[in-house]
Each structure stands twice: as structure tokens, then as C-alpha cells.
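# Turn this into a model:
(2 chains, ligands or ions: 2)
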Amino acid sequence: MSKMGDIFVIVEHRKGEIRSITFEMLYKAGEICKALNHKLTAVLLAGKGQPFASDISKWADTVLVFEDDRFMDFDSDTYKEVINRLILQQSPFITLIGHTSWGMDLAPALSVRAGYPVATDCVDIIVEGGRPKAIRQTYGGKAFSRVSFRESPGYLITVRPGAFIPPDGAADRQANVVMMDIPSDLGPAKRDFVEFVDTAAGEVDISQAEFLVSIGRGVGEKENIDAIKDLADKMGGTLSCSRPIVDMNWLPKYHQVGTSGKSVRPKIYLALGISGAFQHVAGISGAQTVIAVNKDKKAPIFRVADYGVVDDLFSIADALKEKIKG
Amino acid sequence: MNIVVCIKRVPMTQEVDLEIDADGRGVNREPLAYVINDWDNYAVEEAVLLKEELGGDVTAITIGGEEDEEILRRAMAMGADRSIRIDPGDRVMDSYVVSRVLAEVIKGIEYDLVLTGVQADDDNCGLVGIMLAEHLGLAHAAVVTGFTADGNQATIKIELEGGINEVSKIRLPSLLSIQTGINEPRYVSVIGIKKAKKKDLEVIELGDLPLSDEDLSPRTIIEEVYLPPETEGAQIIEGDPSKVADEIIRILTEKGVNV
Ligand SMILES: Cc1cc2nc3c(=O)[nH]c(=O)nc-3n(C[C@H](O)[C@H](O)[C@H](O)COP(=O)(O)OP(=O)(O)OC[C@H]3O[C@@H](n4cnc5c(N)ncnc54)[C@H](O)[C@@H]3O)c2cc1C
Ligand SMILES: Nc1ncnc2c1ncn2[C@@H]1O[C@H](COP(=O)(O)O)[C@@H](O)[C@H]1O
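Ligands and ions are numbered 1, 2, ... in the order given. I've put the predicted structure just below:
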């Protein structure tokens, strides 16, 4: 049953919920399918009784369901084994996987196992002459590259979260839900899930703040943080930061904004010395107004900010303090 | 615990204007300063910490030119026992080929654990580590922020989105891609690096490895590298800091933030 021409989307879920990257991929895949007259198949591995298939049935033409309690939580080994067999059997033209922690563990191994080339963290996908091309960013977003693939029966692409936000009404398909047989010879898992732990909770909840003063690696030294904390206090703002500040133990984790920290939605996000890597800016998409201060006029943060200041962050911080005082 | 750690030397691109090179498929790397990839620095530290705790040895490996030996010596100054540089000659490699070549060399080493960074700061691919795991047939986990050995397995922390970590048990030998923040990389002095020169640094020529043309042929091709258009994005506030501060306060007030 060759499905040459199909686009597959691997469904990602966690703690009993489908993650939004899944709908973003289904939306993008749907657009490609419309343009090229392909069929869209969602591939779901889930535990018994997890009612995900109905959540996505309006988004795909087919939902292939592998239901077994071993698939309740993601495990790259078993997922890889099941998806690899499916891909080799059905040769989907393109398979989309989220560029998430989960996808970063699955896609590279699957690519080697299946012999299908892969491009990661793609922000756009073009199909030309029967082959996909991927647009991705390099150097933390300072440059873009267009990547093509060696000829193959199919191609893997991991998709950047937030790159394809579905508009209302995007779910306009009606899927055929197909229960799949579970391979009987799956090897024992090499990894056993133990538990989830929350590392981002703490004294301050930056996700509720109306005005965030946020620092990045541009702050330079741990000692310099006090000056910015002082500025935030004087202005009635809350201090937040990018990941390296937490990695270096300069501030506790609950201050961190971004994919592996918190998503925030302040009226104003004042970013000081933050370059604007996607993992950071993904956390500020809910901000009403972003003002960025950075010495580097080419810093990617200026592409997402509403207002930009190309200057030393300390000069601006000092000037702000002067004004508030006076 | 014997550990192999894969490291890469990458250019620093903050605060520099990147230029596209003549063939339009890369950036001009000549004017750039280089460092060890940030993620790999954490991976080296983790390897050395585990060796200090559990015994065994640490081998650092890079595929790169002579100038890249600087990061191998740095890794040895941090505590790696030996290092290997694989010289790619003028081969163009993608992540697949890099992982295939690394696998060929690592196969011949006795190890319990292979560590890489989550991603390289230049290509931002996040591929080589987990591809390497598959070539070597190892259990693997990506974006790892914690490791405790426990006999022939280990308890690891895997970083997920939104501040959530997954705790899992994984069989050894395994491959883990290491996330920043897992430890505090030690300071490396110039004297330390000089001393490390005496340690063992082996160079392997690509041609000496039993790899076929198929093994060495890239699966992906970079067709074009380009800079983002300058027109889009923020409205730039011009002027001296005092004027800028006035304007920021005006915007805050306008948006309903009282200062
Ligand atoms: C799986 C994964 C998850 C991640 N999760 C997150 C996350 O949740 N949050 C997050 O932030 N990152 C996250 N990252 C890391 C992310 O990729 C970037 O490495 C990080 O955001 C960079 O932080 P930064 O902008 O502070 O530092 P840099 O990228 O080093 O940028 C520093 C900036 O400061 C500027 N600067 C320097 N000095 C000054 C000065 N005196 N005045 C003004 N400007 C100055 C520089 O021009 C530069 O643009 C994650 C990465 C991975 C792989
Ligand atoms: N040339 C190389 N030599 C050794 N290790 C590498 C090389 N390129 C990538 N790696 C390793 O693979 C990780 C991920 O790189 P990448 O897939 O390029 O994002 C890096 O953090 C390194 O640990």
C-alpha cells in the first residue's frame, strides 16, 4: 500500500495533552498538501484510552493510531522503532517532527535508521521539482540557509515551534482513523521513564508580570546584575533573564524566559543584552510591546522587537535611573 | 567510567557583522574569533566530573583542522586524558557524515558513555550526537541536564519545554547530548593549556579510515546562505542615552505602565 506523496506528521503529546507544535505541523503540512494535492496523515503513538485521535481528526485525512501502554510517554527507542517500520513500509514523501526536546531525540536517529535525510529546526518548507527544500537559521538567527536533500524515497524535517501558527478554521479535513497493529517483536526499552519534575517554579512568577526588565549575557558580569535589579525596582518592573544567566547560576531558574523557561505576556518587555535566539523569543510572543537594547545592530532580537536601541545597555540603564529619580 | 566527548570549535558571531562568502553558501569565517562550542564545554566538564567521581578516563575528539587542536588542549587542561583530531582534509561534511566518521573512530575505543553538546553554535543543527548514537547502536537521550551513575545504568534528567524535566533511567553504554547549565565548567588557565600540550594528541587522517564514498557523501546540501532583510523589524530609537530614556518612558506610559 504505497502512499507515495503523503505527508506524515508525528503527533507530539505530553501529560495527556497534544502539544501545540502538533497543530502547527498539521497546519503547515495541510498547506503543502493543498498546493500539491497530497494526502495528510497524522501518526499517533499513545497509551490505551488516550483520546487524542478525535482531537486531530479534523486536521488530517488519515490518523494512524498505535495504541499501547508502552507509548504513553515518549521514549525515543520504541517510538523510533515503530515509526521507522511505518516509514519504510509507506514511503511518505515528507515526515514532519517537532524541533522540540522530544523531536531532537527522535529525528536524528530515525534519519540514520531509515536512511532518510533530515533538516532540523526549519522555519519554512518549499517543494520544488518534486523535492523539498528547508529554510533554517544558523548562528543563533543571524543568517538563514536554504537546504536541499540528496535524492531519497522520503525526507524528514523538524519544524521550529511557533513558525506556523494555524489561523482559525485551519482544521477543515475529516480523517479516517485507522488502528494499527503493534509490532510483536519490539525490543525491550533501553530507557525507563520515572517522573516529570518542575524546575521553573519559584518565589516570583514572571508569567504574571506587567513590566519585565530582562537581562541577557550582555550584562557581562554577575556583579552587574545588581544595577539592573535596582533599575527594575525603581521602575516598578520585575527582573527576568535569558538562559545563560541561569546556566551560570547568576539568577534562579524561575527568572528564565523562553522555551525551557517561562512564557511571559507583559505589557512591556525590556530586553537588555539579549541576542534573540528562537528559544528565547518563543517565550515573549505574548508580550504586547518589546523594547530591545543591544550593542549589535544586527542582533536577531531587533527583528522581533517593536522598538530597538543600538547602544550599551548600561548607558541606557543609567539614563533611565536618572530620569526616574528626577 | 570511560567517556568519549565530542567537541567542536565554532566562531563567535555576537557583535559582528556577518558577511556571506563568495560562493554564497557560507559566511566569511576569516575575520571571526573562535571558541569551544558552549554546549561542548559543559559536556567536557561533565565527563571530567564523572571521571573524578568514578575513575576511568576521558577522550576528547574533534573533526577539524590543525587550528582546532586548541580546543582539544583546552579539554585536556580541564582533565581529559587524551584527545584525537580527525583531519577532514577538504571534504565537505554535513551532520550525517560527521557522525558517521566519529562513529568509525569511537568504535575502536572502550567506553561506557559518549557525550556531545545539544547543538553547535554555528550550524544550530542538533544532529550529530543522536545520529552518532544510532550509528553506534546506543541508547540515547537529547538535552540532558543531569546524570547519576548507578551500576550498568544511570539516572538522567532530560530537559523538556516550559521548565519541566523528565527523570529517566537509561542503560549504559549510552550517548547523551549535554545541555548548558548541567554543571559549572571550570576555569582554564593559559598555563594549564600549555601543560596539557604534553598530553597525548593523536591525529587521524580521514583517508586512513575504512569509509566508503557512500559513508562520506552528505545527505543535505546547503544551496544558499543569506542574511535576513534589513527592512523588517524594530523601529530604532535614535539619540543620546538621555533622549532614548525619555522615549522609553514615553512608550511605557503610553502602554499603561506607570513608572
Ligand atoms: C534546547 C534548548 C533550549 C533553550 N532554552 C532557552 C530558554 O528557555 N531561554 C533562553 O533565553 N535561551 C534558551 N536557549 C539558549 C539559546 O539558544 C541562546 O543560547 C540564548 O538565548 C542566548 O542568550 P543571550 O541572548 O543572553 O546571550 P547571547 O546570545 O550571548 O547574546 C548576548 C547579547 O548581548 C549583546 N551585548 C553584549 N554586551 C552588551 C552591552 N554592554 N550592551 C548591550 N548589549 C550587549 C550582544 O550583542 C549579544 O547580542 C536554549 C537552547 C537550547 C538548545
Ligand atoms: N566537527 C565535529 N567534531 C566533533 N564533534 C562534533 C563536530 N560537529 C558537531 N559535533 C558534536 O555534535 C554536537 C551537535 O552538533 P550539531 O549537530 O552540528 O549541532 C556538538 O555539540 C558536538 O558535540
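# Show the pLDDT at the nearest residue to A:Asp192 once chain neighbours are set aside.
Residue nearest to A:Asp192 in three dimensions, not counting chain neighbours: B:Lys169, with 4.6 Å by Cβ to Cβ, 6 or more residues apart in numbering or on different chains. For the C-beta atoms, the positions are set from N, CA and C on the backbone; glycine is no exception. pLDDT, the model's per-residue confidence, is 96 for B:Lys169.
# bridging residues for B:Lys169?
With DSSP bridges as the criterion, the beta-bridge partners of B:Lys169 are A:Asp192, B:Thr155.
# and it, what does it touch?
Neighbouring residues of B:Lys169 by Cβ atoms under 8 Å, 6 or more residues apart in numbering or on different chains: A:191-192, A:194, B:150, B:153-156.
# Quick check: the gap between it and A:Ala305.
Here the criterion is Cβ to Cβ, to the nearest Å. By it, B:Lys169 lies 43 Å from A:Ala305.
# same check, this time on B:Val114
Spatial separation of B:Val114 from A:Ala305 under the definition Cβ to Cβ is 40 Å.
# same deal with B:Asp21?
Remark: distance between B:Asp21 and A:Ala305 (Cβ to Cβ) = 29 Å.
# more neighbours, those two?
A:Ala305 (28 against 13; other Cβ atoms under 10 Å in any protein chain shown).
# got the contact list for that one?
Contact partners of A:Ala305, counting by Cβ under 8 Å, 6+ apart, are A:271, A:276, A:290-292, B:233-234.
# any idea where the helices of chain B begin and end?
Read by DSSP state H, chain B holds these helices, from start to end of the chain: B:38-54, B:69-78, B:95-106, B:128-136, B:190-196, B:241-254.
# Comparing the ones you listed, which stretch has the densest surroundings?
Among the helices of chain B, helix B:128-136 has the highest mean neighbour count (mean count of other Cβ atoms under 10 Å in any protein chain shown), at a mean of 26.
# Residue numbers of the stretch 101-250 of chain B in contact with ligand 1?
With Cβ under 6 Å from any ligand atom as the criterion, the stretch 101-250 of chain B meets ligand 1 at residues B:118-119, B:143.
# give me that answer again for 5 Å
In this structure, the stretch 101-250 of chain B approaches ligand 1 at residues B:Val118, judged by Cβ under 5 Å from any ligand atom.
# Please name the nearest non-neighbouring residue to B:Glu52.
Using Cβ to Cβ, 6+ apart and skipping the chain neighbours, the partner closest in space to B:Glu52 is B:Gly79 (7.2 Å).
# Would you check how far apart the one you found and ligand 2 are?
Taking Cβ to the nearest ligand atom, to the nearest Å as the criterion, B:Gly79 is separated from ligand 2 by 17 Å.
# Measure how buried that residue is and give me the count.
The local packing count at B:Gly79 equals 20, with neighbours defined by other Cβ under 10 Å.
# so it touches B:Gly56, yeah?
No: here B:Gly79 does not reach B:Gly56: they are 11.6 Å apart, not a contact under Cβ atoms under 8 Å.
# Which residue ranges of the stretch 1-150 of chain A form helices?
Counting by DSSP state H, counting those that start in this stretch, the stretch 1-150 of chain A has these helices, from start to end: A:20-36, A:52-56, A:76-90, A:101-114.
# now the ones you listed in TSV, with mean neighbour count, mean pLDDT and distance to A:Ile135?
Shown next, in TSV, are the helices of the stretch 1-150 of chain A (neighbours: other Cβ atoms under 10 Å in any protein chain shown; pLDDT from 0 to 100; distance: least, Cβ to Cβ, whole Å):
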stretch	mean neighbour count	mean pLDDT	distance to A:Ile135
helix A:20-36	20	96	12
helix A:52-56	18	90	26
helix A:76-90	20	95	23
helix A:101-114	27	98	17
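# so what's the residue in chain A that chain B sits nearest to up against?
When Cβ to the nearest Cβ is the measure, chain A has its nearest residue to chain B at A:Ala200, with 2.4 Å between them. Residues in contact with A:Ala200, defined by Cβ under 8 Å, 6+ apart, are A:253-254, A:256, A:261-262, B:162-164.
# So for the closest residue to it other than its chain neighbours, what pLDDT did the model give?
Nearest non-adjacent residue to A:Ala200, counting by Cβ to Cβ, 6+ apart: B:Gly163, 2.4 Å away. pLDDT, B:Gly163: 93.
# My guess is B:Gly163 contacts A:Gly258. True?
No: look at B:Gly163 against A:Gly258 with Cβ under 8 Å: they stay out of range, at 9.7 Å.
# With neighbour numbers in mind, choose between these two.
Set side by side, B:Gly163 and A:Gly258 give different neighbour counts by other Cβ under 10 Å, the larger being at A:Gly258 (25 against 20).
# Dihedrals phi and psi, the more buried one?
phi 140, psi -180 (degrees, to the nearest 10).
# ok, it touching A:Gly276?
No: using Cβ under 8 Å, A:Gly258 is not in contact with A:Gly276, being 10.7 Å away.
# Can the helix or strand where A:Leu270 lies be said to contact ligand 1?
Counting by DSSP states H and E, the element that carries A:Leu270 is strand A:268-272. No: on the criterion Cβ under 5 Å from any ligand atom, strand A:268-272 is out of touch with ligand 1, staying 6.6 Å away.
# just checking, what packs against the following helix or strand past that strand?
Using DSSP H and E, the helix or strand that directly follows strand A:268-272 along the chain is helix A:278-281. Packing contacts for helix A:278-281, counted by 3 or more Cβ pairs under 8 Å, 6 or more residues apart in numbering or on different chains; DSSP states H and E, involve no helix or strand.
# and stretch B:31-51, how far from the chain's centre?
Using Cα atoms, centre = their mean, to the nearest Å, the mean C-alpha position of stretch B:31-51 is found 7 Å from that of the whole chain.
# same thing with stretch A:169-181?
Relative to its chain's centre, stretch A:169-181 lies at 23 Å (Cα atoms, centre = their mean).
# circling back: now do the contacts for the residue nearest to A:Ala200.
When the contact criterion is Cβ under 8 Å, 6+ apart, the partners of B:Gly163 are A:198-201, A:253-254, A:256, A:260-262.
# Looking at the residues you listed, which two lie furthest apart in space?
In those, the most distant members under the criterion Cβ to Cβ are A:Ala201 and A:Ser260, with 13.8 Å between them.
# got the contact list for the helix or strand of chain B with the lowest mean pLDDT?
Taking mean pLDDT, DSSP states H and E as the measure, chain B has helix B:190-196 as its least confident helix or strand, at a mean of 88. Where contact means Cβ under 8 Å, 6+ apart, the residues beyond helix B:190-196 that reach it are B:73-74, B:76-78.
# if we go to 7 Å?
If you take Cβ atoms under 7 Å, 6 or more residues apart in numbering or on different chains as the criterion, helix B:190-196 is touched by B:73-74, B:76-77.
# Between all of the residues you listed, which two are separated the most?
Of all pairs drawn from the contacts of helix B:190-196, the greatest distance, 7.3 Å, lies between B:Arg74 and B:Met76 (Cβ to Cβ).
# Any chance you could spot the residue sitting in the middle of chain A?
Within chain A, the residue whose C-alpha comes closest to the C-alpha centroid is A:Pro161; the distance, by Cα atoms, centre = their mean, is 2.9 Å.
# So that one belongs to a strand, correct?
No: counting by DSSP: H, G, I helix; E, B strand; the rest coil, A:Pro161 falls outside a strand, being coil.
# check contacts around it.
Counting by Cβ under 7 Å, 6+ apart, the residues that A:Pro161 touches are A:21, A:24, A:98-100, A:259, A:282.
# give me that answer again for 6 Å
By Cβ atoms under 6 Å, 6 or more residues apart in numbering or on different chains, the contact list for A:Pro161 reads A:Ile21.
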